[in-house]
Structure formats: structure tokens, C-alpha cells
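>>> All I have is the shape, not the residue letters:
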RNA sequence: CGGGGCGUAGCGUAGCCCGGUAUCGCGCCACAUUUGGGAUGUGGAGGCCGCAGGUUCGAAUCCUGCCGCCCCGACCA
């Protein structure tokens, strides 16, 4: 009715925006490229954050917080790093405003110019490594395992809600190790944490892999990533974990004494996921009726809608429903009882479907007489009648089934959209007509990668981990290749 | 930064060519009837028509300048 959603087939971008805006996740803000994350969207982020934060702590990390501002000079210490971020940095040049002498509000006070300009962090490697220099003297100080939850700013030319905003929320882990092997193990461990989170909580299947040199994080030796596939056939980088080698240690002179009392530079990693995950989550599961959220991170797992005639009947219903709510909550299920009298049941049904609540329970007088409730699942739209007896257990099973079903569906789509291709014609055809990942041979050069990108807009998403070795010929140049890599058009 | 679109009530819009203080729907407020898939009726409130100039007796409408947002591309998580 009032909240029509554009069909995916009609306009995929519009569909996505409709879900975010009408699903109550976020709004555009007064600042270009920046969004307001609304309570429901933020609850989703909190749910993700809680799971990840627990996993980080289980793997030995501690949270800390570093400044939003970074002295300009820090950023230029690592050559590749500044190269990668220079074009999208917001810069603070003054620290004071004053009344406009010509009237009309306030102006920047030219007297208040900063001696050294400050960069609003696009990422925190530099400020953190400048700090680690003071924290690390000996191998006994290692490993140093720190994470921070923060906002960062990257002045993007073109932004999209959640997927690419000028300011976004994320976590960034920054660790220091005594050996390269240990740092690499950390990098890969965190990649596994991300993959586990994506698959088992967000129900988003991912490909784990390594980036090609040109797609690497600025300043990294190796960038590992998890890549997900959206319903429109485009890939989304959902998380990255970098082995930084000794690049930042050297740039910031972070040395430690090893057991032999010799000085050496420490080995570093960094890894992060952002609110972009929310965008990916939306695009993997949702449909033309609205959001579809996996139970394990849905802010509301079960909504209960009462159906009644008159206040008397409702009072009776309230009493019984509160019992149900209590039972479900004690089983660890998050429940909302929507007894708001301003909206009628049909309106609520549509509303919670749009918001992607996994399970809806409708209860009326008739049901109570029969000791049952009507249960509807969001993923399949299936409705069933369940007895009050043993309801919590049945709902828990249903939530598990929904979680599994979402994953299975997404995985089936993903798997059927990894296409092996051996000729250039096929390569272009699959990208244009089918989409998804294309598994093809590549001669390993940046030039070829670049040419392929220019001609097809597809990039190498990753070289999958444990990639089978196989003789073949580069899709573009015909030069010899030892393995296939995954190409796709990406967000 | 290029191409396209758009700024009128909280939201979505009509009116603009052809100048006369603004239409409709949703939402909001009140009351009543309603409540198993987005209720109905009656009454009501709400507008610097993006901003600034100009033309005119008179501008949402014509002219000039500016600002903002969205979409598509180049760049990026």
C-alpha cells in the first residue's frame, strides 16, 4: 500500500534502496555521502558486533581505542599506504570558528590555522604503529593483539547506503608478532573468523582467497579476503585480513629484542569488517516483499501479533501472550509483542515482512480455545498451526531451519554461479548474461588484469585458498597459467 | 569530475508550456464503527512551492545565478 517496494527485476538499485529506507534501517542525512543508521539498522549492527567481538576475545584480542585524527606526517611514512589513501582523505586545517564580520553566521577563523594539519582516519595503521613503537621493546611484549571498534572516513566520489558511505563503522584489528609465520597464521585465523561469521551467522556463503597484487591493501604484503555473491550476480568483498610484513614496523621503527638479544622489526597484521556487511546481508537474502534476515542476527526473531475484537478480548489475550513471551524469552529467543492498537493485523503482517522478522506468530481468541497459534516463516512464507504445548522448542527448531534454509539457498545460488570458462568469448558472455564468479586462467600479470578490467569491468576477486593447480592458458593472452582465479563484476 | 533526473505539508505527488497565494493520496489529530493479510466514515491541523536576485500590478509558474539530493559512469571497502 503506502510502502511499495520496487521489484528486483525492475530496478535492482532501487529495490536495494527501498529495503534500506522502508525497512527502517537507515536514512540519507544532511551530509552528502553520510547516512543516519536508524535504531533497527543499528540493532542489526550491534548483533553482528556482539558476535564478532566475542570471537575476537576468544582468539585472544583486546579492545582499545585510538584517535580519530592522524597527523598528516604519519600518513606519508609508508609510501604505498599514502598512495592508496591520499585521494580520499578529509583534512582538518583549523580549530576555531568566529562570527562572520560581514554578518551571516560563522566563518573559519583564519587566525586559527593548525600548524600540522590532521587527517580524519581512513584507517588507523599509522597512528597505531606510531603508538606500538612505545609499547614494544622485547619479544616478551609480543604478540600484541588489539582490536578497535571505530568510525572511519573515506571521501568517496560515489556512495551507496551501507555499501559505500563517506563515513562508516567498522572494526580494525592490528596485531604485532615476533615472526612472519606467526603473523601469517594470525592473518589466516582472522580470515577464518570472518568466514565462520559470514556463513554461520549471516548465512552468507563466502569464498576465501588472496587478492591479486593490484587489489591488495595499500601497504600490505598479502591481502586475504572473503568474497560473497549478491543476487544480481555481482560480488562483494565482505571482509579483509592483511599480512603487513614488516612494512609498518620499518616505517615507524618498531623493533624488538628477540631471545638472542638481537634487534628485529616486528611482523604485523590488520583485518576489518564494516557496516558494509549489512548491505551484503540485505542483497543476499531479501526478496521483493522486503528484508529477509537470518535468525541468528535478526534484531527481532519472533513477532507476536494479537487478533481480537474489543478491549475485553484483548485483555484476555494479553495475559496469555505474556506467558508465551516469557516462555520464548527463557528459551533465549528475542520476541516482540506488538499489541499496538493503532495498526490492524494485516498492516502488521506486511510491516514485519518488510522488516524481515524471521517468524511471526498470530494469536486470536479462536486459537486460544484450541490451544494453538498461527506461525508464519518469513523465508518461505509458509504458515502453520502449532500447539501451545512445546511452542518454544518448536519455534527454536523453526528458527534453526530458517537459518539453514537461507544459507542453503544462498549457497546453491552462489555455487551455480561459479562458471568455469576457457575462451574469451565465453568469458564475456558469462559476465554479461549470467553474472557471478567466472573461474578462468590468468597469466599472472597486472597488465592483463588491467586489460580485462577495462574491457569487461570484471576484476579478479580472489585466488581461492587451496586452489587446485592446473595447467591452462590465460583467458586473454593465451600465455601459460598454473591455476584458475575468480573474476567478477563487483561492488 | 562527466551524463541523466529531481527539489511543492512528515512522505509520495499535481500544477509550471499558457503568471492571479497550491491539487490529490498516504501519514498526523479528534470521534465513532472496526480488528484472522496493509479498515471505513465524519470533522480537523499542517506550506518562506530548495536559496538569492531579476521581470511584472502580481511569480510555484518567466529570466539569471547559486545550493542540495538521487541514479548511471571514472575511483574505492
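Arrived safely, thanks for sending. This is a predicted model, so every value here is computed, not measured.

>>> Could you name the specific helix or strand carrying residue A:297?
Element membership for residue A:297, per DSSP states H and E: none, as it lies in no helix or strand.

>>> biggest helix in chain A, by residue count?
When chain A is parsed with DSSP state H, its longest helix is helix A:391-415.

>>> name the element the residue nearest to residue A:162 when sequence neighbours are not counted belongs to?
Once flanking residues are discounted, residue A:162 sits nearest to residue A:279: 3.6 Å by Cβ to Cβ, 6 or more residues apart in numbering. Every residue, glycine included, has its C-beta placed from N, CA and C. Using DSSP H and E, the element containing residue A:279 is helix A:276-285.

>>> How far away from the center of its chain is that helix?
Relative to its parent chain, helix A:276-285 has a centroid offset of 7 Å by Cα atoms, centre = their mean, to the nearest Å.

>>> Now find how far off-centre the helix or strand following it is within its chain.
Following helix A:276-285 in sequence order, the next helix or strand is strand A:302-307 (DSSP H and E). On the basis of Cα atoms, centre = their mean, strand A:302-307 sits 30 Å off its chain's mean C-alpha point.

>>> just checking, residue A:460 touches residue A:212?
Yes. Using Cβ atoms under 8 Å, residue A:460 is in contact with residue A:212, at 4.5 Å.

>>> Who are the packing partners of the lowest-mean-pLDDT helix or strand in chain A?
Within chain A, confidence by mean pLDDT, DSSP states H and E is lowest for strand A:106-108 among all helices and strands, at a mean of 80. Under the contact definition 3 or more Cβ pairs under 8 Å, 6 or more residues apart in numbering; DSSP states H and E, strand A:106-108 sits against strand A:97-99.

>>> What strands line up against the strand it packs on, and which way round?
Looking at strand A:97-99 with DSSP bridges, its partner strands are strand A:106-108 (antiparallel).

>>> Now find how far off-centre the strand it pairs with is within its chain.
How far strand A:106-108 lies from its chain's middle: 38 Å, per Cα atoms, centre = their mean.

>>> returning to what we had before: could you figure out how far the helix holding residue A:279 is turned away from helix A:391-415?
90 degrees (axes from the mean of the first three to the mean of the last three Cα atoms, to 10 degrees).

>>> got the contact list for helix A:276-285?
A:16, A:19-20, A:25, A:41, A:44-45, A:48, A:160-164, A:168, A:198, A:202-204, A:228-232, A:236, A:238-239, A:291-294, A:297, A:356, A:379, A:406, A:409-410, A:491 (Cβ atoms under 8 Å, 6 or more residues apart in numbering).

>>> Tell me the residues that contact both of residue A:460 and residue A:212, please.
A:449, A:485.

>>> Compare neighbour counts for the two and give me the winner.
residue A:460 (22 against 19; other Cβ atoms under 10 Å).

>>> wait, is that one part of a strand?
Yes. Per DSSP: H, G, I helix; E, B strand; the rest coil, residue A:460 lies within a strand segment.

>>> ok, what's across the strand from it?
Beta-bridge partners recorded for residue A:460 (DSSP bridges): residue A:487.

>>> ok, and which of the contacts of helix A:276-285 reach RNA strand B?
Among the contacts of helix A:276-285, the ones lying close to RNA strand B by the criterion of Cβ under 7 Å from any atom of the strand are A:160, A:161, A:163, A:164, A:168, A:491.

>>> Got phi/psi on the third one?
In terms of degrees, to the nearest 10, the main-chain angles of residue A:163 are phi -70, psi -40.

>>> wait, doesn't it sit right on residue A:274?
No. In this structure, residue A:163 is not within contact of residue A:274 by Cβ under 8 Å, at 9.8 Å.

>>> rewinding a little: need the contact partners of the least confident helix or strand of chain A.
Looking at what lies outside strand A:106-108 - Cβ under 8 Å, 6+ apart - the contacts are A:94, A:96, A:97, A:98, A:99, A:100.

>>> And for the last one, nearest residue in space, chain neighbours not counted?
Think residue A:100. residue A:107 (4.6 Å).

>>> Any idea what that neighbour is bridged to?
Beta-bridge partners of residue A:107, as defined by DSSP bridges: residue A:98.

>>> so is residue A:226 in a helix, a strand, or just coil?
strand.

>>> ok, it - contacts?
Residue A:226 neighbours (Cβ under 8 Å, 6+ apart): A:191, A:194, A:195, A:198, A:206, A:207, A:208, A:209, A:237, A:238, A:239.

>>> Tell me which helix or strand the last one sits in.
In this structure, residue A:239 sits in strand A:235-245 according to DSSP H and E.

>>> Run the chain-centre distance for the following helix or strand past that strand.
Moving toward the C-terminus from strand A:235-245, the next helix or strand (DSSP H and E) is helix A:247-251. Taking Cα atoms, centre = their mean, one finds helix A:247-251 lying 28 Å from the centre of the chain it belongs to.

>>> for stretch A:283-298, same thing?
Centre-to-centre, stretch A:283-298 and its host chain are 14 Å apart (Cα atoms, centre = their mean).

>>> Quick test: name the residue nearest the centre of chain A.
residue A:277 (1.7 Å; Cα atoms, centre = their mean).

>>> Quick one: name the residues of the stretch 51-200 of chain A near RNA strand B.
A:84, A:87-88, A:154, A:156-161, A:163-166, A:168.

>>> Around residue A:246, how many other residues sit close by?
Residue A:246 has 17 nearby residues by other Cβ under 10 Å.

>>> thinking it is in contact with residue A:265, fair?
Yes. Applying Cβ under 8 Å, one finds residue A:246 in contact with residue A:265, separated by 4.2 Å.

>>> got the contact list for residue A:46?
Contacts of residue A:46 by Cβ under 8 Å, 6+ apart are residue A:299.

>>> Tell me the secondary structure of it, please.
With three-state DSSP as the basis, residue A:46 sits in helix.

>>> Per-residue pLDDT of it, please?
In the predicted model, residue A:46 carries a pLDDT score of 97.

>>> The residue lying closest to residue A:359 once chain neighbours are set aside: what's it in contact with?
What sits nearest to residue A:359 in space, not counting adjacent residues and going by Cβ to Cβ, 6+ apart, is residue A:302, at 4.6 Å. Applying Cβ under 8 Å, 6+ apart, we find residue A:302 in contact with A:328, A:333, A:334, A:335, A:336, A:357, A:358, A:359, A:360, A:361, A:395, A:399.

>>> residues touching residue A:345, list them.
Applying Cβ under 8 Å, 6+ apart, the residues contacting residue A:345 are A:305, A:306, A:307, A:362.

>>> hmm, which two among the residues you listed are most spread apart?
A:306 and A:362 (7.9 Å; Cβ to Cβ).

>>> which of the two has more neighbours?
residue A:306 (22 against 18).

>>> tell me the secondary structure for the closest residue to the more buried one other than its chain neighbours?
Closest residue in space to residue A:306, ignoring its immediate chain neighbours: residue A:317 at 4.9 Å, by Cβ to Cβ, 6+ apart. Judged by three-state DSSP, the three-state class of residue A:317 is helix.

>>> From RNA strand B, how far off is residue A:317?
The gap separating residue A:317 from RNA strand B is 9 Å, by Cβ to the nearest atom of the strand, to the nearest Å.

>>> what's the neighbour count on that residue?
So residue A:317, with other Cβ under 10 Å, has 20 neighbours.

>>> surely it meets residue A:308?
Yes. Residue A:317 is within contact range of residue A:308, at 5.3 Å (criterion: Cβ under 8 Å).

>>> Overlap in contacts, these two.
With Cβ under 8 Å, 6+ apart, residue A:317 and residue A:308 have common neighbours A:364, A:365.
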